[in-house]
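Peer 1: Make a model of this:
(2 chains)
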Amino acid sequence: MIFRVFEKEELKKLVELLIAHNRVVGPVEAGKDSSGIPIYAFGEIFEFKDLRLNYTTTKLSAKKYFLPFKEELATFRMDTMNWQKEINYNVKSPLILFGLHPCDINALNKLDKVLIHSDYPMPYYLAKRKNTFIVGVNCEPQPSCFCRSMGTDTAMHGFDLFITDLGNRYFAEIHTDTAYNFLKHIKTTEPCEDDHVRYMKIVSERNKKFVTYVDTTDLMKILDMEFQSEVWKHWGDRCLACGTCSSVCPTCYCYGVEESVDIDLKRARKLKMLYSCNLIDFAEVAGGHNFRPERSTRLKYRYYHKHRGFVEAFEESLCVGCGRCGEACLAEIRVPDVINSVRSNGVRV
Amino acid sequence: MISQLKLIDITKSSMAEKRVGDLSRFEYSYKAEIMSVYRLTEKETLYRIQIIDPEERRRFSFTPGQFVMLELPGIDEAPFSISSSPSIRGEIELCIRRVGNLTNFLARVKRGTIVGIRGPFGKGFPMEEMHGQNILLVAGGLGLAPLRSPIFYVIENRSRFEEVNIVYGTKSPDQLLFTYQYEMWQKDDINLNIIVEKPDKKWKGPVGLITDSLREILSGRDKEFYQNTYAIVCGPPVMFKFVCNMLNEFHIPMQKMFVSLERRMHCGMGKCCRCNVGSTYTCLKGPVFDYWTVMNLKEAI
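Peer 2: Okay, here's the model as predicted:
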């Protein structure tokens, strides 16, 4: 692994250079909430000052750049009796994602496992992943973050460049030759012993700031044991089955496919739309039988997929502990509370 | 010095760690023609569908129990189990009930319509493993559609199986599927036991639930019969529990009981999660499961 350090003003040079020649997306301030606290979102960066690298977290993850909420899988040219299918992986230009937190990078690594490194790799996702240059940035743990419990508080791979604010300068972890070449445009130096000490101090200070923890020991087994537990009914009664948790989640990838014909009947489209397992018809089959008609069984399924099934398949959970779902949930259902209630076989209010 | 990213085309083999063939297969449909439309009952129709390209036709084969995704561009795409003989390449028969958007549209199409076929997907019944054994095929209602493929296999390889029983039940006699083939099955020394819940005036056969017929067949056999019997079960969700419980009661080995689960896949390739049972993809690990696996899956049946 190659490390470099650079002065703070060099970052502006780097970002401006990248903006000049590429499409760059990063955290921007989208507005303020009622108490005047900034709301952040991933958006296009046109000027260096738009980029908020010290952002807390975004409401939506960066998932939409890899798994758009709506995406055309194919279009058809229609004749009277025949048709031609045309497939496009929907990547017009490369993208630079500047300023992803470790949780969001780890979310992509988890998606890679099921969408790329499995039977039937998904070219739509792979094409976007291959054409995205990722710059990670260290973060300030928020009260809702429980990534440390999920083992996703640091990113080991899945990015090109990772920068950590050392206070006086930036510490850069270079993972790809593209990143190495980009950094040639600015003044960087070899990190000295003092930089290493500062880096390690910052890491250990950050670790102390996590306040939310989830015990995941034996969770797979416990989920199986507590499959009939009353706690699922409790959470199911609270759940509004709106699917917000899935749409803000950086790792939810479930979808549905719909087709439509253009009004001139000359073209048809096959559309993939992200879905949520909490929505009522998620497991409905032809003829109307629904395998999960109750909100509680759907909510339970979501936890089983993330914390049991995915672990069974890939030896890690499909949750990065970013806390977005809990913050966005109108019924205030939070993952740590749900898991703790399953563990202790009861809901503490 | 480079400051601009280059667009990477993943369809160029050197650009992706995955083989291009694997990637293009994701959304690839075989173009196929509906060769015949055969009305079975008021609601079910049998479609014979042939892949158009001769080379693709030669390559396309499947095992009994597998399914395909059938697409009518602009209308919808849905999973259907294959109902025809696995020894015919490049041509399949699908028995489809008129029940939703796509199937209602299909009920109106004519011979010669071009459709898209993706697949075959999933794991089928391990037919070769069953050689030398007794076979018990239990179907409820439309559940006969996926069982017709293993029935063809059994007929075509009849000498390799011992006693073969089909237990088939529907609500009423007018819902019975493939009535024109019953004689052929019986001539191949297959015991056909049909039972209906609500008989009409012409019905002379047994009346009752599928488990009534099943009990009759299984009662009073020797231990060896149960140990050497493979059971294949397919039907509506309520039926599975009662049939499987009864098979269990007679000590048919769990690893010799196979069920084919119905779920509404949107991709067939382990991506959309719509067919997940617990957290198992029915499209990849199923739709055929042995009973031991089903017992370990939560909320399967």
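
Peer 1: Count the residues that sit near residue 278.
Peer 2: Went with chain A since none was named. Neighbours of residue A:278 under the rule other Cβ atoms under 10 Å in any protein chain shown: 21. To be clear about C-beta, it is placed using only N, CA and C from the backbone, and glycine gets the same treatment.

Peer 1: try chain B instead
Peer 2: 19.

Peer 1: packing partners for the helix or strand containing residue B:232?
Peer 2: Residue B:232 is part of strand B:229-234, with elements assigned from DSSP states H and E. When contacts are defined as 3 or more Cβ pairs under 8 Å, 6 or more residues apart in numbering or on different chains; DSSP states H and E, strand B:229-234 packs onto strand B:134-140, helix B:144-156, helix B:237-249, strand B:257-260.

Peer 1: Residues contacting the second one, please?
Peer 2: Residues outside helix B:144-156 that contact it (Cβ atoms under 8 Å, 6 or more residues apart in numbering or on different chains): B:44, B:64-65, B:67, B:81-87, B:93-95, B:124-125, B:127, B:135, B:137, B:139, B:161, B:164, B:166, B:168, B:177-178, B:184-185, B:188, B:190, B:232, B:234, B:260, B:287.

Peer 1: The third one now?
Peer 2: Outside of helix B:237-249, the residues that reach it under the criterion Cβ under 8 Å, 6+ apart are A:289, A:291, B:136, B:138, B:140-141, B:143, B:209-211, B:214-215, B:218, B:231, B:233, B:235, B:254, B:257, B:259, B:262, B:291, B:294, B:301.

Peer 1: could the helices and strands packed on strand B:229-234 go into CSV alongside mean neighbour count and mean pLDDT?
Peer 2: Formatted as CSV, the helices and strands packed on strand B:229-234 follow (neighbours: other Cβ atoms under 10 Å in any protein chain shown; pLDDT from 0 to 100):
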stretch, mean neighbour count, mean pLDDT
strand B:134-140, 25, 95
helix B:144-156, 23, 95
helix B:237-249, 17, 90
strand B:257-260, 25, 94
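
Peer 1: Can you lay out these as a markdown table showing distance to residue A:331?
Peer 2: Shown next, in a markdown table, are the helices and strands packed on strand B:229-234 (distance: least, Cβ to Cβ, whole Å):
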| stretch | distance to residue A:331 |
| --- | --- |
| strand B:134-140 | 39 |
| helix B:144-156 | 40 |
| helix B:237-249 | 30 |
| strand B:257-260 | 36 |
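
Peer 1: Please produce a PyMOL select command covering the buried subset of the contacts of helix B:144-156.
Peer 2: A single PyMOL command selects the buried members of those (16 or more other Cβ atoms under 10 Å in any protein chain shown):
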select buried, chain B and resi 44+64+65+67+81+82+83+84+85+86+93+94+95+124+125+127+135+137+139+161+164+166+168+177+178+185+190+232+234+260+287
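
Peer 1: The strand holding residue B:232 pairs with which strands, and in what direction?
Peer 2: When sheet partners are counted by DSSP bridges, strand B:229-234 sits next to strand B:134-140 (parallel), strand B:257-260 (parallel).

Peer 1: List the contacts of the one residue in chain A that gets nearest to chain B.
Peer 2: Relative to chain B, the nearest point of chain A is residue A:309 (1.8 Å; Cβ to the nearest Cβ). For residue A:309, the contacting residues are B:276, B:278-280, by Cβ under 8 Å, 6+ apart.

Peer 1: tell me which element the closest residue to residue B:205 other than its chain neighbours is part of?
Peer 2: With Cβ to Cβ, 6 or more residues apart in numbering or on different chains as the criterion, residue B:205 has its nearest non-adjacent residue at 5.5 Å, and that residue is residue B:194. If you go by DSSP H and E, residue B:194 is part of strand B:190-196.

Peer 1: next SSE after that strand?
Peer 2: Counting by DSSP H and E, the next helix or strand C-terminal to strand B:190-196 is helix B:210-218.

Peer 1: Give me the pLDDT value at the residue of chain A closest to chain B.
Peer 2: Predicted confidence (pLDDT) for residue A:309: 88.

Peer 1: how about the residues of the stretch 1-150 of chain A near chain B?
Peer 2: A:17-18, A:20-22, A:73-74, A:76, A:78, A:81-83, A:85, A:87, A:89, A:91, A:93-94, A:96, A:114-116, A:118-124, A:126-127, A:130-131, A:133 (Cβ under 8 Å from any Cβ of the partner chain).

Peer 1: burial count for the residue of the stretch 201-301 of chain B found nearest chain A?
Peer 2: Taking Cβ to the nearest Cβ as the measure, the stretch 201-301 of chain B has residue B:279 as its residue closest to chain A, at 1.8 Å. When neighbours are counted by other Cβ under 10 Å, residue B:279 registers 22.

Peer 1: Leaving aside the residues adjacent along the chain, what's closest to it?
Peer 2: Residue B:279 sits nearest to residue A:309 (Cβ to Cβ, 6+ apart), 1.8 Å away.

Peer 1: Name the SS class of the one you found, please.
Peer 2: helix (DSSP: H, G, I helix; E, B strand; the rest coil).
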